[in-house]
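Participant: Sequence below, structure please.
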Amino acid sequence: MKRKIVSGVFLLLLGAATAVGLEPVLAELDRLHHGDNHEAVLGLIARELSGLSGSERAQLLWRQGRARMQIADFGHHDGDLTDDQAVAMLEETEALARQATQLAPELAEPWFWVGAAMARRGQIRGVLNSLFMAGDVRDYAQEAINRREEFSEAYFLMGQFYRELPGRPLSFGNGDYAVSLARRAVAVHEAELAAGITPNKAHDLYTQLGHALWKRNHNSRQRQRAHNNAVSGWRSASTPMERGINFDGSLPFSGGTDREEARALVQQIVRELTGIRNRTPRQQRDLEKAQALLADWG
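Facilitator: Residues are numbered from 1 along each chain as shown. Here you go, the predicted model:
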């Protein structure tokens, strides 16, 4: 993987970080993250971590875990890391994020990254071999959205879990919840894009919403029934999770079938990504995932 060299200007800024606070460092770490410069993230954190405690240390630890998870994810996807190597890095992410939850339990992100690392390990090992972790992943994601309700990635994670897990009595998989949570993830992400909080469009959110719709496979009448149930659930919801699993009920009903909507969504993502000349590694991976889904659907 290519290592990005941090500019000399920012190194000077880091030298003064103790005087001006940690915020410039955190902003630069997030900028590097959005640019997929994860090795550079680890380098900056290694220089800044010494001497920090409490919430400041937690802010760096969960970002350190996030970077390790991204490196593991890209490395495994590209074939540079074996299953065992990727799992080992994901275990490091989980350990770092757990430390952050202990140092600053009020922060949402450390709870999310514990759950995300566990879920990714489960994907690598196979869902049926990881059912014992499902409840823990759900609980960590819920802890994250209880602390910050507008948390797109947490809904994204929950949506995939509800989509892929078997239903009762084996587990808690639920197609209606998967669709609502995926829509919630997209809605929060689009609000963040509009506000400039997130600089890059996360194309895979839309692809995974399409995947949830395709797997649920409701016809128009079934969609109407599910929407009516979600409307009722939305009106009575009193927690972030209840609002997430019933988010469909906050939106106007749209006709057609699940699979018609799914195909249109993923085709649009393929068009957008193929229209980008110099795709980033993340965009290329998202394009491949969307194309693979369409190929599977025939």
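Participant: what about the protein, any weak spots by pLDDT?
Facilitator: In the predicted model of the chain, residues 1-20, 127-130 satisfy pLDDT under 70.
Participant: residue contacts, residue 246?
Facilitator: Contacts for residue 246 (Cβ atoms under 8 Å, 6 or more residues apart in numbering) come out as 180, 230, 231, 232, 233, 234, 237. The C-beta positions use only the backbone N, C-alpha and C, and glycine is treated the same way.
Participant: Looking at these, spot the one nearest residue 247.
Facilitator: Taking Cβ to Cβ as the measure, residue 247 sits nearest to residue 180 out of the contacts of residue 246, at 4.4 Å.
Participant: Surely that closest one touches residue 230?
Facilitator: Yes - when contacts are counted by Cβ atoms under 8 Å, residue 180 is listed as touching residue 230 (6.1 Å).
Participant: returning to that earlier point: may I ask which of the contacts of residue 246 has the most neighbours?
Facilitator: The member of the contacts of residue 246 surrounded by the most neighbours (other Cβ atoms under 10 Å) is residue 180, with 30 neighbours in all.
Participant: Keep only those of the contacts of residue 246 that are in helices.
Facilitator: When the contacts of residue 246 are checked against helices (DSSP state H), the matches are 180, 230, 231, 232, 233, 234.
Participant: can you list those residues in a markdown table and add distance to residue 269?
Facilitator: Listed next are those as a markdown table, based on distance: Cβ to Cβ, whole Å:
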| residue | distance to residue 269 |
| --- | --- |
| 180 | 20 |
| 230 | 24 |
| 231 | 28 |
| 232 | 31 |
| 233 | 28 |
| 234 | 27 |
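Participant: which one of these is nearest residue 84?
Facilitator: Residue 84 lies nearest to residue 180 out of the ones in helices among the contacts of residue 246, by Cβ to Cβ, at 35.6 Å.
Participant: farthest-separated two in the ones in helices among the contacts of residue 246?
Facilitator: Longest distance between any two of these is 12.7 Å, between 180 and 232; criterion Cβ to Cβ.
Participant: Domain boundaries for this structure, per the record?
Facilitator: Domain segmentation of the chain under automatic domain parsing yields 1-141, 149-298.
Participant: Need the phi and psi values for the closest residue to residue 217 other than its chain neighbours.
Facilitator: Closest residue to residue 217 apart from its sequence neighbours, by Cβ to Cβ, 6 or more residues apart in numbering: residue 258 at 5.5 Å. Per-residue torsions, residue 258: phi -60, psi -40 (degrees, to the nearest 10).
Participant: Nice, that's everything, thank you.
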